[in-house]
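Participant: Return atomic coordinates for the entry below.
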Amino acid sequence: MDKSKPMLMSILILLVLVLGAVAGLFLYTMRSGKADASAPAGQAPAPRLNVDQITKVPLSTVSTNLRQGSGGARDYVKLTLQVGVSNTAKKESEAVVKSINDNEAVALDVVNGVLRNKTRDELADPDLNTLQDLKDEIASKLRDAFNTNLIVDVYVAEIAY
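Facilitator: The predicted model follows:
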């Protein structure tokens, strides 16, 4: 019986340490904001940034047809947006902003590609968080196209159907 007490005590100490670590991680996550579930697979979630830590890069207005809906109609959408680039790493941020400005056609093609695969019903469903989902998808595809994690958001200035 004497040999089992130290082993039991060791197991209890280990259990308390593991539970403490889990509780600490939970509290840290709750204090610093929820983890960003919209981060692309294999990429770390974008940190929450203040407005002054994000450079907004305006793009030309995109006007395109949407995918044919269930009613057979092929609707049209007009979207004006800005790409949010983290400016916390100044030199790298400036390079990304320059790349987006110099290659606006690539960015517009990405936006166009995302929009053309949506129906009006998908974009206008009031029960879904469709605008945020659309912004997240565009931001993810822009990160891929420009090969950077510094693109942190997309800001919609205008959307019209």
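
Participant: Give the other helices and strands that the strand or helix carrying Glu92 contacts.
Facilitator: Using DSSP states H and E, Glu92 sits in helix 90-102. Helices and strands touching helix 90-102, by 3 or more Cβ pairs under 8 Å, 6 or more residues apart in numbering; DSSP states H and E, are strand 54-58, strand 76-86, helix 130-146. C-beta: built from backbone N, CA, C; applies to glycine.

Participant: Ok, which of those comes nearest Ala160?
Facilitator: strand 76-86 (4.5 Å; Cβ to Cβ).

Participant: Quick check: buried residues in that closest one?
Facilitator: Buried residues in strand 76-86, counted by 16 or more other Cβ atoms under 10 Å: Val77, Leu79, Thr80, Leu81, Gln82, Val83, Gly84, Val85, Ser86.

Participant: Turn those residues into JSON lines, including distance to Asp153 and pLDDT.
Facilitator: Shown next, in JSON lines, are these (distance: Cβ to Cβ, whole Å; pLDDT from 0 to 100):
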{"residue": "Val77", "distance to Asp153": "20", "pLDDT": "90"}
{"residue": "Leu79", "distance to Asp153": "15", "pLDDT": "93"}
{"residue": "Thr80", "distance to Asp153": "15", "pLDDT": "95"}
{"residue": "Leu81", "distance to Asp153": "10", "pLDDT": "95"}
{"residue": "Gln82", "distance to Asp153": "9", "pLDDT": "97"}
{"residue": "Val83", "distance to Asp153": "8", "pLDDT": "97"}
{"residue": "Gly84", "distance to Asp153": "4", "pLDDT": "96"}
{"residue": "Val85", "distance to Asp153": "9", "pLDDT": "96"}
{"residue": "Ser86", "distance to Asp153": "9", "pLDDT": "94"}
